[in-house]
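>>> Coordinates only, no sequence provided:
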């Protein structure tokens, strides 16, 4: 689960090397105050390496990025407060359009939310449309407006 109050989370490890401080908190790698969770995705094309990074600052603002061979191919802008993950925007680089990367980003966002017991508030039109089309896949994490 993502720490609700970042300053009060239990530190699971800490490494300081010169001016770079690294520590691990509840599944996030924190380097110089930035929270990061990384996961490498098995690609259908064995020559392509895909990696997801969830970067969140101390105020809860951040992005879920999809890196393809080390280059950002797409991202989702997010905000995390308490047990709510708000997603505002999904974007895929023009060079990578049509490869299913928006769907992969959504899949990773959902995986991250479930792993951390978060509810997703889908303000992004793409995410909201997917939640609306497939409520059976997302009802457990969908924070619906009332």
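Looks like it came in fine. Keep in mind it's a predicted model, so treat the numbers as computed, not measured. Residues are numbered from 1 along each chain as shown.

>>> who's in contact with whichever strand in the chain runs longest?
If you go by DSSP state E, the chain has its longest strand at strand 71-81. Contacts with strand 71-81, where a contact means CB atoms under 8 Å, 6 or more residues apart in numbering, come from 2, 50, 54, 56, 60-67, 85-93, 95-96, 99, 101-102, 105-106, 109, 118, 124, 127. Glycine gets a C-beta too; all of them are placed from N, C-alpha and C.

>>> can you tell me which of these are in helices?
101-102, 105-106, 109, 127 (DSSP state H).

>>> List the buried residues of the longest strand of the chain.
For strand 71-81, the neighbour count (16 or more other CB atoms under 10 Å) marks 73-80 as buried.

>>> mind listing what residue 114 touches?
So residue 114 contacts 140-141 (CB under 8 Å, 6+ apart).

>>> To clarify, my last question referred to residue 84.
Applying CB under 8 Å, 6+ apart, the residues near residue 84 are 118-121, 143.
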